[in-house]
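Chemist: can't give you the sequence, but here's the structure:
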């Protein structure tokens, strides 16, 4: 088929949304073996934020599909577009389906944490998701709030492990230190949204963008432990 049929423009996507099958078609396209198709599908859903937000079933169908797709996506550009497509609150004031968005994001995070725990070294790919996680949290239900906090803390733990690893390339320290800072900020915002005071010792103040010596590693680990101590209490009960 001609390229215009495979990749319709956002304008055509928008005009076709009156057809209830539009979100389903884009969701199916997210499972394509072709990277260009997956990218266009995520981009198409992102372009339809305001329209989808008025249609609960279509919106939830799209979010579920994005969650499934993001959990196994390895291409950086596509994953970034998936995170953007999930971030309805960036375009839709008073977005009503924050819990469904948090559920889909948790699906992506579960897959990403599995890859990172298994030895993947592409931590930077998840940086575009942190603003989304913070926005979802405040209006999500308690069960999803707890899940997001636990996953963000797992990301942070993986980042600290990478920071303290002797094999980490010196050129990567600014990146990993930046990720520690970003993830910690989101967790602290979540704590404040839940009426909990974050610990005074900040990881970001300890994780400098350069190779750490033994003393700094110890300080970073201690700051992480202080954060976990607070998160181990209600409402999150981190194990």
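Modeler: Structure received. Because the structure is predicted, anything quoted here is derived from the model rather than measured.
Chemist: now residue 126: how far from residue 168?
Modeler: 17 Å (C-beta to C-beta, to the nearest Å). For glycine as for every other residue, the C-beta is placed from the backbone atoms N, C-alpha and C.
Chemist: Looking at these two, which is more packed in?
Modeler: residue 126 (24 against 17; other C-beta atoms under 10 Å).
Chemist: secondary structure element for the residue nearest to that one when sequence neighbours are not counted?
Modeler: Spatial nearest neighbour of residue 126, excluding adjacent residues (C-beta to C-beta, 6 or more residues apart in numbering): residue 112 at 5.7 Å. Assigning secondary structure by DSSP states H and E places residue 112 in helix 98-117.
Chemist: center of the chain - which residue?
Modeler: Of all residues in the chain, the one closest to the mean position by C-alpha atoms, centre = their mean is residue 129, 3.3 Å from it.
Chemist: Wait, that residue touches residue 108, no?
Modeler: Yes - counting by C-beta atoms under 8 Å, residue 129 touches residue 108, with 7.3 Å between them.
Chemist: Quickly list what's touching both of those two.
Modeler: residue 83 (C-beta atoms under 8 Å, 6 or more residues apart in numbering).
Chemist: Which other helices and strands does the helix holding residue 112 contact?
Modeler: Helix 98-117 sits against helix 56-72, helix 76-86, helix 130-139, helix 142-164, with contacts defined as 3 or more C-beta pairs under 8 Å, 6 or more residues apart in numbering; DSSP states H and E.
Chemist: Is it possible to get CSV of the ones you listed that adds mean neighbour count, mean pLDDT and distance to residue 229?
Modeler: Output for these, formatted as CSV (neighbours: other C-beta atoms under 10 Å; pLDDT from 0 to 100; distance: least, C-beta to C-beta, whole Å):
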stretch, mean neighbour count, mean pLDDT, distance to residue 229
helix 56-72, 21, 96, 30
helix 76-86, 22, 98, 30
helix 130-139, 21, 96, 20
helix 142-164, 20, 98, 12
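Chemist: Tell me which of the ones you listed sits nearest to residue 182.
Modeler: Closest approach to residue 182 among the helices and strands packed on helix 98-117 is made by helix 130-139 (5.2 Å; C-beta to C-beta).
Chemist: who touches the closest one?
Modeler: Counting by C-beta under 8 Å, 6+ apart, 83, 86-87, 89-90, 95, 98-99, 101-102, 105, 144-145, 148-149, 152, 182-183, 185-186, 189-190, 193 sit against helix 130-139.
Chemist: how far off helix 76-86 does it point, in degrees?
Modeler: Computed with axes from the mean of the first three to the mean of the last three C-alpha atoms, to 10 degrees, the direction of helix 130-139 lies at 30 degrees from that of helix 76-86.
Chemist: Direction-wise, compare helix 130-139 with helix 98-117 and give the angle.
Modeler: Going by the same axes, to 10 degrees, helix 130-139 makes 140 degrees with helix 98-117.
Chemist: Report the angle between helix 130-139 and helix 142-164.
Modeler: Going by the same axes, to 10 degrees, helix 130-139 makes 150 degrees with helix 142-164.
Chemist: got any ranges where the chain has weak pLDDT?
Modeler: Low-confidence segments of the chain (pLDDT under 70): 1-21.
Chemist: what's the spacing between the residue nearest to residue 104 when sequence neighbours are not counted and residue 162?
Modeler: In space, residue 104 comes closest to residue 67 once its chain neighbours are excluded; the distance is 3.3 Å by C-beta to C-beta, 6+ apart. To residue 162, residue 67 is 25 Å away according to C-beta to C-beta.
Chemist: In which helix or strand does residue 212 reside?
Modeler: Residue 212 belongs to no helix or strand, assigned by DSSP H and E.
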